[in-house]
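Visitor: coords please:
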Amino acid sequence: MRRTIFTLAASSTLLLAACTSGSTSTENPDATAAAAAAAPAGGKASIFVIGGKSDDPFWSKVKRGVDDAAKVVEANGGKVTWLGPQNYDNLGPDAAKLILTAKSQGATAVIGADWVPDAQDAAFKSVTSSGIPVFLYNSGGADAAKAVGALTYTGSDELLAGKAGGEFFAQNGVKNVLCVNTLPGAANTEARCKGIAEGVAASGKSTQLPLPSSNFGNPTAVTQAIKAALLKDSAIDGVVTISTQDADSAAAAIEQAGGTGKVKLGTFDMDDTQLSRVKKGKQLFCIDQQPYMQGYLAVSQAFAYNAYGLLLPQSPLLTGPAIINASNVEAALAGAKAGVR
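Guide: Model prediction:
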């Protein structure tokens with residue numbers, strides 16, 4: 001499935017993404033110069049993409065987009081190389097090493113997520129200062145791209161995504177939201193929880209439950225931590241997680257804590273399991289950022305710049321957010337079954 005339909009139940013979701021000044025669609029001042037310049041690579045493209053773990057369900061969708069866009073690069077004699085960490089225990093420093101690895105291996109363009117700016121920005125600047133174009137995706141935003149000298153950002157605005165989720169919770173009567181963060185300190189996950197709090201603030205509140213990053217992908221540990229939080233505070237009537245794996249753990253925790261029917265569940269990102277729960281009325285929503293499109297568009301832009309000096313004037317190029325709920329879940333299910341949503 002190559003085309004994704006955005007059907008929104010929260011009126012703010014893409015309206016915010018389209019209309020918020022300074023954090024959404026703004027002109028890229030480098031685009032005109034890039035379009036007029038000779039192809040920066042001067043030869044065959046060698047594009048390096050820094051992504052997540054190979055067994056992370058979210059990143060497998062991003063890589064699917066990367067792989068599809070790579071077919072065009074390869075047809076023109078170039079190549080695309082994927083680099084990812086073994087785990088998320090030391091995410092920022094590990095990502096910085098991968099960025100420098102890409103530089104040392106002759107990259108003509110580097111695509112990366114700015115998850116932990118304090119740890120990664122020096123590496124990104126090392127790449128850009130050497131004349132290699134950098135394209136941020138997934139995490140960072142337009143401000144981060146400007147800070148490290150990247151040409152553009154492709155992905156979701158995580159703060160806006162969180163706000164949309166918080167507002168949707170509020171519209172459905174939720175007053176006290178627990179935001180479970182298994183990657184605390186990462187810029188994108190912190191922005192998600194901050195956005196949830198801002199979105200629900202008019203009629204309720206949200207607190208963050210930060211868990212060690214070693215718990216990411218550990219369903220037993222995450223389930224027990226969420227269950228303990230729910231038993232400690234009976235006023236919690238909403239739980240939101242930063243990933244689909246954690247959403248599965250949260251669903252189990254809600255049931256074990258006796259919160260079925262009382263505690264509403266939402267998550268960032270989605271898969272067949274989450275969408276099935278939404279369809280059955282057992283989960284309130286998912287927030288889609290179209291990971292396939294992030295990978296596909298980032299590689300396509302890097303190749304177009306390397307090969308022809310082309311650069312779109314819009315930065316950031318937003319791939320979300322979209323609230324997926326009972327009203328539009330069928331279309332999302334089709335994309336999930338195809339492995340791209």
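Visitor: Residue 180 sits in which helix or strand?
Guide: Element membership for residue 180 (DSSP states H and E) is strand 176-181.
Visitor: who does the helix or strand that that strand is followed by touch, helix- and strand-wise?
Guide: Sequence order places helix 187-200 as the next helix or strand after strand 176-181, per DSSP H and E. Applying 3 or more Cβ pairs under 8 Å, 6 or more residues apart in numbering; DSSP states H and E, one finds that helix 187-200 makes contact with helix 158-171, strand 176-181, strand 205-210. Every C-beta, even on glycine, is put in place using the N, C-alpha and C of the backbone.
Visitor: Let's have those in a markdown table, adding mean pLDDT.
Guide: Shown next, in a markdown table, are these (pLDDT from 0 to 100):
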| stretch | mean pLDDT |
| --- | --- |
| helix 158-171 | 97 |
| strand 176-181 | 98 |
| strand 205-210 | 98 |
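Visitor: Reformat those as JSON lines; add mean neighbour count and distance to residue 233.
Guide: Output for the helices and strands packed on helix 187-200, formatted as JSON lines (neighbours: other Cβ atoms under 10 Å; distance: least, Cβ to Cβ, whole Å):
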{"stretch": "helix 158-171", "mean neighbour count": "27", "distance to residue 233": "16"}
{"stretch": "strand 176-181", "mean neighbour count": "24", "distance to residue 233": "8"}
{"stretch": "strand 205-210", "mean neighbour count": "18", "distance to residue 233": "9"}
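Visitor: can you put those in TSV and add distance to residue 150?
Guide: Converted to TSV, the helices and strands packed on helix 187-200 look like this (distance: least, Cβ to Cβ, whole Å):
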stretch	distance to residue 150
helix 158-171	17
strand 176-181	25
strand 205-210	28
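Visitor: Among the ones you listed, which comes closest to residue 278?
Guide: helix 158-171 (12.0 Å; Cβ to Cβ).
Visitor: before we move on, back to that, right, and the helices and strands packed on helix 187-200 - which one's nearest residue 61?
Guide: Closest among the helices and strands packed on helix 187-200, using Cβ to Cβ: helix 158-171, at 16.2 Å.
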